[in-house]
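Enquirer: This is a predicted model, with the sequence first.
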There are 2 protein chains.
Amino acid sequence: MHLPDNPAHAFVPYPAAPVAHAVSGPLAGLTFAVKDLIDVAGYPTGGGNPLLLAVSGVKTSTAPTVQTLLDAGARFVGKTHTDELAFSMNGKNAHFGTPVNGGAPERIPGGSSSGSAAAVSNRLCDFALGTDTGGSVRAPASHCGLFGIRPTHGRVSLERCLDLAPSFDTCGFFTRDAPTFGRVADVLLGADAAPLPAPVRLLRPVDVWNLLAREVAGALSPALARVEAALGKAQPCDAALESFDAMYWGFRHLQGREAWMVDGPFIERFAPPLGPGVAERFAWARQVTDEQVTSAAHFCDRYRGHLADLLGRDGVLVMPTMPDVAPLLAADESELEAYRNAAIRMLCIAGLSGFPQVTVPLSSRLGAPLGISLLGPAGADRSLVALAGKIAAG
Amino acid sequence: MHLPDNPAHAFVPYPAAPVAHAVSGPLAGLTFAVKDLIDVAGYPTGGGNPLLLAVSGVKTSTAPTVQTLLDAGARFVGKTHTDELAFSMNGKNAHFGTPVNGGAPERIPGGSSSGSAAAVSNRLCDFALGTDTGGSVRAPASHCGLFGIRPTHGRVSLERCLDLAPSFDTCGFFTRDAPTFGRVADVLLGADAAPLPAPVRLLRPVDVWNLLAREVAGALSPALARVEAALGKAQPCDAALESFDAMYWGFRHLQGREAWMVDGPFIERFAPPLGPGVAERFAWARQVTDEQVTSAAHFCDRYRGHLADLLGRDGVLVMPTMPDVAPLLAADESELEAYRNAAIRMLCIAGLSGFPQVTVPLSSRLGAPLGISLLGPAGADRSLVALAGKIAAG
């Protein structure tokens, strides 16, 4: 039997297949990994589910986003574990195991881009692709102590990638350091059509910060000060519309409906045994009603308008990425679900609006990493990456 | 996404790959399926575990036993689900799901050759290959109402097949009817070097029959009568040596040690999440001691001698295949484990000795199938299949 090395349980142990890359280019010398939702020729795309892996076969085409990286000189090193069907935020895949959080090995890595965050945080490669529908790059980046971006919806191609909820799915990436974050952004994002001006108008959404426990807010306050030192004093504002509950349910209803439209036929046909949490969420998604979807779609439109008005062309929210550091590996399913539900209240701001968000590894608590986020107007992705670099250098 | 049909959840849904077969031959017109422990070129070999499937890649060679069937004109239709790493007897794979028992859909199919038994019992193919280490053909054959054989150890090649415990692993097969059972036996077994004489000396191991609950013995008594009508009056004997407990532990210690030698490196390197029951059994297998193995090996040698003396060259045991009909799908893990432990006491007679056993679908209880077995001396495989045909025709 072929037994490849698999440190940190980051990679799906597929037999290596040759993947060519340019000998020179802006990413020459860098290595990268790809979440196992995205096609790479010569490999299956398993999506974190055994029957999906069986159905996949070996792909014969490579996703354009991966090809762009290869053409820029980056070297592909492997496909990384994902939460099952990407419908989780904790990284504990019941069938394939839990990748190791390189920033806090006794804690969950976060997910669903768990293996990508594990590969980068354990220094197995320089950067990695993930996807982010409801937080699947931002959560593991914050938990593993990495730079991470959820781009503006639609900005980075998801062609030849398994969907979760197409209206919310985005392709992002992780790095350990700001210079690499910038190099990859140059290749995947290019320049912004309307870059953020300098200085930006920094906004501190008081209602989001108030979601935090006091000790978490305390742990983040030096990070906030550092952001303000680099970008200017943040003005208080409110980010929510109506309430975080309304936003939470709006996001969940829309994501749930789309997830069921995407994966329901597979689930109904194959009855795949789904891991804890995932099974329950799909069962819930199945029964989201048309009325809930219609109402949520109206809310989502209004929220996008609200946030566009708030940010204008120069506004940037500075806010916590997640409610806290990663839960311990030993946390039970109900703790993880409670944590997820708290996290969605913060993460759905970018989700509902489609606006870009970067998370910067500036804080820690209990010895574990904790990110702080910048969220800007649609299309400001590359500018946000530059701001992250400025803050990190400051 | 490619979504093949998958009735009865029998097949691993691999994308179809062309597998050539002879246009004529003794098995022309028959279709067959192959347990997903055995290599077929163009397909992975998943062994019922997601990480093992990932490691597998697509095989480029076909196992000789499969090739023999193709060369005889049989048409390959797919690879079938197996219990995880073949280390279970119930067919409930936690990652890939539970194939449907075509003889009793509300009950487990039995395993580990669960998908093969499902494919044949649901009429999705004419015969199917399985493997039997501790009962993995005999149990699902009895539970699904099929003819099944565990051949003499070593008689049918297991080259290019994932091992469970090589000293006990065998390659067997399932059919719905006696004529097909005979045709496949002609190809895979050929003629016996020393065929059983006619009439055989039929033996009824009283101690094995005494393991049954009264209602099960009652359900099997017409089947016993039918065997006796075809083969002659069965003489009482004892099959056990010392006690069934001694046999049970001897078998379990040897199988456990070998299973850990085979799968331990994979389990230690990848820490694959293992399904309920399987995880516990490997944890148990890991701590079998050298003293237990030495003692069990001595016992096993003595048992083989004991059974060889009992059977001579003309003796055939007629006995229950399993303690009862298949447990209900709703049975919990502790019920399944108790059932497994009772079953091993009967199944280990062939396991410890390496002697061949065929099970014949002659009985039922509670509306579910129940097999009766013939167990003969080493090398009498084809003769036993012929006896099964004679009984079925009688």
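Expert: Arrived safely. Residues are numbered from 1 along each chain as shown, chains lettered A, B, ... in the order given.

Enquirer: can you map out the strands along chain A?
Expert: Taking DSSP state E, the strands of chain A run over residues A:31-35, A:75-80, A:127-132, A:147-150, A:170-175, A:201-205, A:235-237, A:315-320, A:357-365, A:368-375.

Enquirer: Out of the ones you listed, which is the most enclosed?
Expert: Most buried of the strands of chain A, by mean neighbour count (mean count of other CB atoms under 10 Å in any protein chain shown): strand A:147-150, with a mean of 32. Placement of C-beta: from N, CA and C, glycine included.

Enquirer: right, and the strands of chain A - which one's nearest residue B:96?
Expert: strand A:75-80 (20.3 Å; CB to CB).

Enquirer: List the contacts of that closest one.
Expert: For strand A:75-80, the external contacting residues (CB atoms under 8 Å, 6 or more residues apart in numbering or on different chains) are A:10-12, A:14, A:16, A:19, A:21, A:30-36, A:40, A:43, A:45-46, A:66, A:69-70, A:99, A:113-116, A:118-119, A:124-125, A:128.

Enquirer: Please tell me how far the nearest residue to residue A:92 once chain neighbours are set aside sits from residue B:251.
Expert: Spatial nearest neighbour of residue A:92, chain neighbours left out: residue A:98 (4.8 Å); criterion: CB to CB, 6 or more residues apart in numbering or on different chains. Here the distance between residue A:98 and residue B:251 works out to 35 Å (CB to CB, to the nearest Å).

Enquirer: Same drill for those two, tell me which one is more crowded.
Expert: residue B:251 (25 against 22; other CB atoms under 10 Å in any protein chain shown).

Enquirer: In contact with the nearest residue to that one once chain neighbours are set aside, which residues?
Expert: Spatial nearest neighbour of residue B:251, excluding adjacent residues (CB to CB, 6+ apart): residue B:348 at 3.9 Å. The contact partners of residue B:348, by CB under 8 Å, 6+ apart, come to B:134, B:247-248, B:250-251.

Enquirer: same check, this time on residue A:133
Expert: Residue A:133 touches A:86, A:112, A:164-165, A:168-170, A:255, A:351, counting by CB under 8 Å, 6+ apart.

Enquirer: do residue A:285 as well
Expert: Per CB under 8 Å, 6+ apart, neighbours of residue A:285: A:255-257, A:259-260, A:264.

Enquirer: so how far is chain B from it?
Expert: The spacing between residue A:285 and chain B, counted by CB to the nearest CB, to the nearest Å, is 17 Å.

Enquirer: ok, back up a step: figure out which of the strands of chain A is closest to residue B:181.
Expert: Nearest to residue B:181, of the strands of chain A and by CB to CB, is strand A:75-80 at 44.1 Å.

Enquirer: from the contacts of residue B:348, which is closest to residue A:294?
Expert: Scanning those for proximity to residue A:294, where the rule is CB to CB, the winner is residue B:134, at 56.6 Å.

Enquirer: what number of residues lie near the closest one?
Expert: 28.

Enquirer: where does it sit relative to chain A, distance-wise?
Expert: 21 Å.

Enquirer: quick one: that residue and residue B:254 touch, right?
Expert: No. Look at residue B:134 against residue B:254 with CB atoms under 8 Å: they stay out of range, at 10.2 Å.

Enquirer: From the contacts of residue B:348, which land in helices?
Expert: By the criterion of DSSP state H, membership of those in helices covers B:247-248, B:250-251.

Enquirer: Any of these buried? List them.
Expert: Among the ones in helices among the contacts of residue B:348, those classed as buried by 16 or more other CB atoms under 10 Å in any protein chain shown are B:247-248, B:250-251.

Enquirer: pLDDT added to those, as JSON lines?
Expert: Below are these laid out as JSON lines (pLDDT from 0 to 100):
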{"residue": "B:247", "pLDDT": "98"}
{"residue": "B:248", "pLDDT": "98"}
{"residue": "B:250", "pLDDT": "98"}
{"residue": "B:251", "pLDDT": "98"}
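
Enquirer: Run through the residues that contact the spatially most central residue of chain A.
Expert: Nearest to the mean C-alpha position of chain A, counting by CA atoms, centre = their mean, stands residue A:137 at 1.5 Å. By CB under 8 Å, 6+ apart, the residues touching residue A:137 are A:113, A:130-131, A:148-150, A:170, A:172-174.

Enquirer: Find the nearest non-adjacent residue to it, please.
Expert: For residue A:137, the closest residue by CB to CB, 6+ apart turns out to be residue A:172, at 3.8 Å.

Enquirer: Tell me which residues touch residue A:14, please.
Expert: Here residue A:14 is in contact with A:43-44, A:78-79, B:54-55, B:57 (criterion: CB under 8 Å, 6+ apart).

Enquirer: typo on my end, residue A:125
Expert: A:31-33, A:77-78, A:119.

Enquirer: 6 Å instead, please
Expert: Listed by CB atoms under 6 Å, 6 or more residues apart in numbering or on different chains, the contact partners of residue A:125 are A:31-33, A:77, A:119.

Enquirer: Residue A:168 now?
Expert: A:133, A:255, A:351.

Enquirer: Need the residues you listed in JSON lines (columns: pLDDT and distance to residue B:294).
Expert: Listed next are the contacts of residue A:168 as JSON lines, based on pLDDT from 0 to 100; distance: CB to CB, whole Å:
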{"residue": "A:133", "pLDDT": "98", "distance to residue B:294": "56"}
{"residue": "A:255", "pLDDT": "98", "distance to residue B:294": "59"}
{"residue": "A:351", "pLDDT": "98", "distance to residue B:294": "62"}
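
Enquirer: just those now: which is nearest chain B?
Expert: Using CB to the nearest CB, residue A:133 comes nearest to chain B of these, at 17.3 Å.

Enquirer: first to last residue in stretch A:135-146, what's the distance?
Expert: 14 Å (CA to CA, to the nearest Å).

Enquirer: how far does that stretch sit from the chain's center?
Expert: 6 Å (CA atoms, centre = their mean, to the nearest Å).

Enquirer: same check, this time on stretch A:327-335
Expert: 20 Å.

Enquirer: Then stretch A:362-375?
Expert: The answer for stretch A:362-375 is 15 Å, by CA atoms, centre = their mean.

Enquirer: just stretch A:124-144 next, same as before
Expert: Counting by CA atoms, centre = their mean, stretch A:124-144 comes out at 5 Å from the chain centroid.

Enquirer: can you check stretch A:178-194 too?
Expert: With CA atoms, centre = their mean, you get 17 Å for stretch A:178-194.

Enquirer: mind saving the C-alpha coords of it as PDB?
Expert: Backbone C-alpha positions of stretch A:178-194 (Å, rounded to 0.1, in the frame of the first residue of the first chain) are rendered in PDB as follows:
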ATOM      1  CA  ALA A 178       1.800  40.100   4.600                       C
ATOM      2  CA  PRO A 179       4.300  40.200   1.700                       C
ATOM      3  CA  THR A 180       3.100  36.800   0.400                       C
ATOM      4  CA  PHE A 181      -0.500  38.000   0.900                       C
ATOM      5  CA  GLY A 182       0.200  40.900  -1.400                       C
ATOM      6  CA  ARG A 183       2.000  38.800  -4.000                       C
ATOM      7  CA  VAL A 184      -0.800  36.400  -4.300                       C
ATOM      8  CA  ALA A 185      -3.400  39.200  -4.300                       C
ATOM      9  CA  ASP A 186      -1.600  40.800  -7.200                       C
ATOM     10  CA  VAL A 187      -2.000  37.700  -9.200                       C
ATOM     11  CA  LEU A 188      -5.500  36.600  -8.200                       C
ATOM     12  CA  LEU A 189      -7.100  40.000  -7.700                       C
ATOM     13  CA  GLY A 190      -5.100  42.300 -10.000                       C
ATOM     14  CA  ALA A 191      -5.700  46.000  -9.300                       C
ATOM     15  CA  ASP A 192      -9.000  47.400  -8.000                       C
ATOM     16  CA  ALA A 193     -11.100  49.300 -10.500                       C
ATOM     17  CA  ALA A 194     -11.700  51.900  -7.900                       C
END
